[in-house]
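Student: When you get a sec, could you give me coordinates for this:
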Amino acid sequence: MDATQPHAHGCEWYRSGVRITVDGVWVHRTAQALTYPVQLMLALFELPGGWRGGEDLPTTATIHEARPRADG
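Tutor: Next comes the predicted model:
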């Protein structure tokens, strides 16, 4: 994922766990059931094979929008 470009991050909470999406694509799922208030936190990391050099690394990020969604 190119962190210099905008992306849509999403989390869907279910009784059976949490599903995480990036740009509408399911990227991770956990079976941990959350029965307490939660918060969304985003962080930027360089993964193995993705290092582009320190001068290319974004040191800040801009959140353009965050929307809670309650279904059902």
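Student: what kind of secondary structure is residue 26 in?
Tutor: Residue 26 carries the three-state label strand when classified by DSSP: H, G, I helix; E, B strand; the rest coil.
Student: which residue is nearest the centroid of the chain?
Tutor: In the chain, the residue lying closest to the centroid (Cα atoms, centre = their mean) is residue 9, at 4.5 Å.
Student: which residues does it bridge with?
Tutor: According to DSSP bridges, the residues that bridge with residue 9 are residue 22.
Student: Now tell me what touches the helix-or-strand element of the chain with minimal mean pLDDT from outside.
Tutor: Across the helices and strands of the chain, mean pLDDT, DSSP states H and E gives its lowest value to strand 9-14, namely a mean of 82. With contacts defined as Cβ atoms under 8 Å, 6 or more residues apart in numbering, strand 9-14 is touched by 18, 19, 20, 21, 22, 24, 33, 34, 38, 40, 42. C-beta: built from backbone N, CA, C; applies to glycine.
Student: Only the buried residues of stretch 28-46, if you could.
Tutor: Residues of stretch 28-46 include none that count as buried (16 or more other Cβ atoms under 10 Å).
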